[in-house]
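**Student:** kindly generate the corresponding structure for this input.
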Amino acid sequence: MEPTLERPRALSAARAHLDRGFRFEQAGSLARALEEYHDALASHPLAAEEIEARLRIARVYRTMAAWDLCRAESETAIRLAHQHHEDDLAAEAMNVQLGALQLQGFYDQADDLGRRAVALARSARVRGITLQNLGRGAAEQGRFAESDALFAQSIDAFRSANYDIGIAVALTNAAKAAFDRGDSERALSVGREAIALARRLNQLDVLLTAVQNQAAGFASVGDHDSAEALLTEALGHFTSARNLVRQAECLETMGQMSEVRPGDPETARRCYERARELATAVGDRPLADRLTTRLRGLSDKTSG
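**Tutor:** From the prediction side, this is the model:
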């Protein structure tokens, strides 16, 4: 995931719609957010406001796994930003597309786009967003030393920009990377820091993503009661928000917990199958492939 920001500006009609849309987006009300962002486009926006509305629309479509719509809106935002010499907005729109490419497993394309965005970024905030997205891609490909360095650089950039939301997101991604490389102790420690900051900022989507990661960390050390309590909270939110990728990830962790319990392979199989259906539906190929591997391993274990 990547951070977002409400920048204070003089309140125009378009800006009012952008502000309301952002609040809906952060609360997981994606349909309402889209309505407000489209209303912003219809409100005779300034050039920067139009670019911002389009990159936000692209971001919502990415959350909904509507990849073609996301790409179309982000490319329009990038083109308009270049026309109006809005380098920061161009880099921010590139980051929306970068995240979509990562979710679909197109890491090389995402890395190329990220390097272009770093070169364009003019503010510490947008530089931080790009660095933490590149760090997430490195972690997904198992380049953990590189991801740690990129996350640290992104946190430094966010601190210089006084951008606490970005710090919370970077900590959340760093905790996930630590968990992926098998460092459960660090994952839980960094995860606690991310959750505390997200709660203080009242950033629900960041908080629930951090909670989801923390549940996976608890599951990895055998604390299933703590993991289940957190997963129930996270799954309910992501179901309401129609975030299919996050739902699939929660179900994957539930399946992992069921798999290690004595006599509960059927629950694990159902969790993995439903998670794979969701991952396949949204085109998340790395997640779908991982779930296929888990199902194959579960089948071998139960048949043996």
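**Student:** return the helix or strand in the protein with minimum mean pLDDT.
**Tutor:** helix 204-220 (a mean of 85; mean pLDDT, DSSP states H and E).
**Student:** angle of the next helix or strand after it against helix 204-220?
**Tutor:** Later in the chain than helix 204-220, the nearest helix or strand by DSSP states H and E is helix 224-240. Angle, helix 224-240 to helix 204-220, by axes from the mean of the first three to the mean of the last three C-alpha atoms, to 10 degrees: 150 degrees.
**Student:** list the buried residues for helix 224-240?
**Tutor:** 224, 226-228, 230-231, 233-235, 237-238 (16 or more other C-beta atoms under 10 Å). Bear in mind the C-beta positions are built from the backbone N, C-alpha and C, glycine included.
**Student:** report how many residues lie close to Q104.
**Tutor:** The local packing of Q104 (other C-beta atoms under 10 Å) involves 17 other residues.
**Student:** ignoring the adjacent residues along the chain, who's closest to it?
**Tutor:** Leaving out its chain neighbours, the residue that sits closest to Q104 by C-beta to C-beta, 6 or more residues apart in numbering is G283, at 5.6 Å.
**Student:** tell me how far that neighbour lies from D68.
**Tutor:** Going from G283 to D68 by C-beta to C-beta, to the nearest Å gives 10 Å.
**Student:** higher neighbour count, those two?
**Tutor:** Applying other C-beta under 10 Å to G283 and D68 shows that G283 carries more neighbours, namely 17 against 8.
**Student:** which residues does that one contact?
**Tutor:** 65, 67, 103-104 (C-beta atoms under 8 Å, 6 or more residues apart in numbering).
**Student:** now it: how far from Q203?
**Tutor:** For G283, the distance to Q203 - C-beta to C-beta - is 27 Å.
**Student:** swap in H85?
**Tutor:** Counting by C-beta to C-beta - H85 and Q203 are separated by 31 Å.
**Student:** looking at those two, which is more packed in?
**Tutor:** Q203 (20 against 9).
**Student:** so that one makes contact with I167?
**Tutor:** No: if you go by C-beta atoms under 8 Å, Q203 and I167 don't touch, sitting 10.8 Å apart.
**Student:** and of the buried residues of helix 224-240, the nearest to E36?
**Tutor:** Nearest to E36 among these is H237, at 20.4 Å by C-beta to C-beta.
**Student:** and that closest one, how far from A210?
**Tutor:** Taking C-beta to C-beta, one finds H237 at 12 Å from A210.
**Student:** go on, A33?
**Tutor:** 21 Å.
**Student:** who has more neighbours out of the two?
**Tutor:** A210 (31 against 23).
**Student:** ok, now how distant is the more buried one from A216?
**Tutor:** With C-beta to C-beta as the criterion, A210 and A216 are 11 Å apart.
**Student:** tell me, how many residues neighbour the residue lying closest to G222 once chain neighbours are set aside?
**Tutor:** Among residues not flanking G222 along the chain, V260 sits closest, at 7.9 Å (C-beta to C-beta, 6+ apart). Neighbourhood size, V260 [other C-beta under 10 Å]: 11.
**Student:** over to A157?
**Tutor:** Neighbour number of A157 under other C-beta under 10 Å is 24.
**Student:** please list all residues in contact with it.
**Tutor:** 124-125, 127-128, 131, 166.
**Student:** one more time with 10 Å
**Tutor:** By C-beta atoms under 10 Å, 6 or more residues apart in numbering, A157 lies in contact with 121, 123-132, 163, 166-167, 170.
**Student:** ok, it to A149 distance?
**Tutor:** 13 Å.
**Student:** pull up the overlap in contacts between these two.
**Tutor:** Common neighbours of A157 and A149 (C-beta under 10 Å, 6+ apart) are L131.
**Student:** ok, A124 - contacts?
**Tutor:** 154, 156-163, 166.
**Student:** gap between it and R181?
**Tutor:** Taking C-beta to C-beta, one finds A124 at 28 Å from R181.
**Student:** thank you, goodbye.
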